[in-house]
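Novice: model the following, please.
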Amino acid sequence: MKKIYIAGCGGMLGEAFYKQFSNDYQLKCTDKDVNDTWLSFLDFRDFNAYRNDVTEFSPDYLFHLGAYTDLEFCEKNADDTYNTNTLAVENAVYLANELDIPLLYISTAGIFDGKKDVYDDWDLPNPLGVYARSKYMGERFVVENARRFLVCRAGWMMGSGPAKDKKFIQKLMKQLKEGKKELFVVDDKDGTPTYTHDFAKNVKLLIEKEYWGLYNMVCGGQTGRYEVAAELISILKLQDKVTLTSVHSDYFSDVYFADRPPCERLVNRKLNIRGINTMRDWKVALKEYIEDYYKGYLQ
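Specialist: So this is what the prediction gives:
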């Protein structure tokens, strides 16, 4: 059984990776936030600790998942963000090359400026803010320096339920749980949802086939924030009880002040050409997510 060291595994994506890989690989999952029994402590920003822990485990693959993803936090804490999202990735590249093993790095649709309607794997990024710049610089360092690597770009992430999901779906579900009868949702932001389990499964396929390189990896179908919210309300059968009100992004400018691209839509062009795109339509994935993780949540 091959071994995978997964750094920064305590978040929503890490939960899916643990579930999708644990039966077929020997895993060591670490994070600075030890919030599950299968996690042990490691702050990957500490290069010596990172190197010692990975070397001791002697893995066949190194997965580097963790990052700061709160855009407002990143704008207010730029140096901490670059240390976490960029320099720590450089550490991971050094380690993977040192051990001569492949490296997985997670990038994001947020590295584009949103001037196009859709972006494929070969479009050139133009990051807008600290978060996007920090992630893109991590991506570039991996591509330019790692011997064998996978860089997989995710879209609007959804997964892991109320325990770890800090993104759009959980924010809506929390409002519904609090009894809100009207949800205000922006209608000027387009993107592509990405279910964590679909993402982990497609990564697993790439690993097994050893198709190294950079890939867009999002669910099928192009959409916007408002349409995702409408589909969620439909899945929950709350159309007659909850009103969706569309607003411009300026409505939330006091809370969400970081620069965001108007369009983060990706298409999995390389996966499609290789014939290994297993990412499902976002509506199918969203329905499964809600049924698997939110049963009884609103009762």
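Novice: state the distance from the residue nearest to residue 211 when sequence neighbours are not counted to residue 154.
Specialist: For residue 211, ignoring the flanking residues on the chain, the nearest one in space by CB to CB, 6 or more residues apart in numbering is residue 274 at 6.3 Å. From N, CA and C alone the C-beta is placed, and that goes for glycine too. Distance, residue 274 to residue 154, by CB to CB, to the nearest Å: 18 Å.
Novice: state the distance from the closest residue to residue 41 other than its chain neighbours to residue 45.
Specialist: Using CB to CB, 6+ apart and skipping residues adjacent in sequence, the residue nearest residue 41 is residue 34, 5.3 Å away. From residue 34 across to residue 45, the span is 16 Å (CB to CB).
Novice: do residue 117 as well
Specialist: 37 Å.
Novice: compare those two (neighbour count), which wins?
Specialist: Taking other CB atoms under 10 Å, residue 117 and residue 45 do not tie; residue 45 has more neighbours (15 against 9).
Novice: now that one: how far from residue 14?
Specialist: 17 Å.
Novice: now do residue 77
Specialist: 22 Å.
Novice: the more surrounded of the two?
Specialist: A count of neighbours by other CB under 10 Å puts residue 14 above the other of residue 77 and residue 14, at 28 against 15.
Novice: for the residue nearest to residue 1 when sequence neighbours are not counted, grab phi and psi.
Specialist: Distances taken as CB to CB, 6+ apart place residue 26 nearest to residue 1, at 5.0 Å, with adjacent residues excluded. Per-residue torsions, residue 26: phi -90, psi 120 (degrees, to the nearest 10).
Novice: ditto for the one 3 residues further on
Specialist: Phi and psi for residue 29, reported as degrees, to the nearest 10, are phi -110, psi 130.
Novice: ok, it - contacts?
Specialist: 6, 9-10, 14, 17-18, 36, 38-40 (CB atoms under 8 Å, 6 or more residues apart in numbering).
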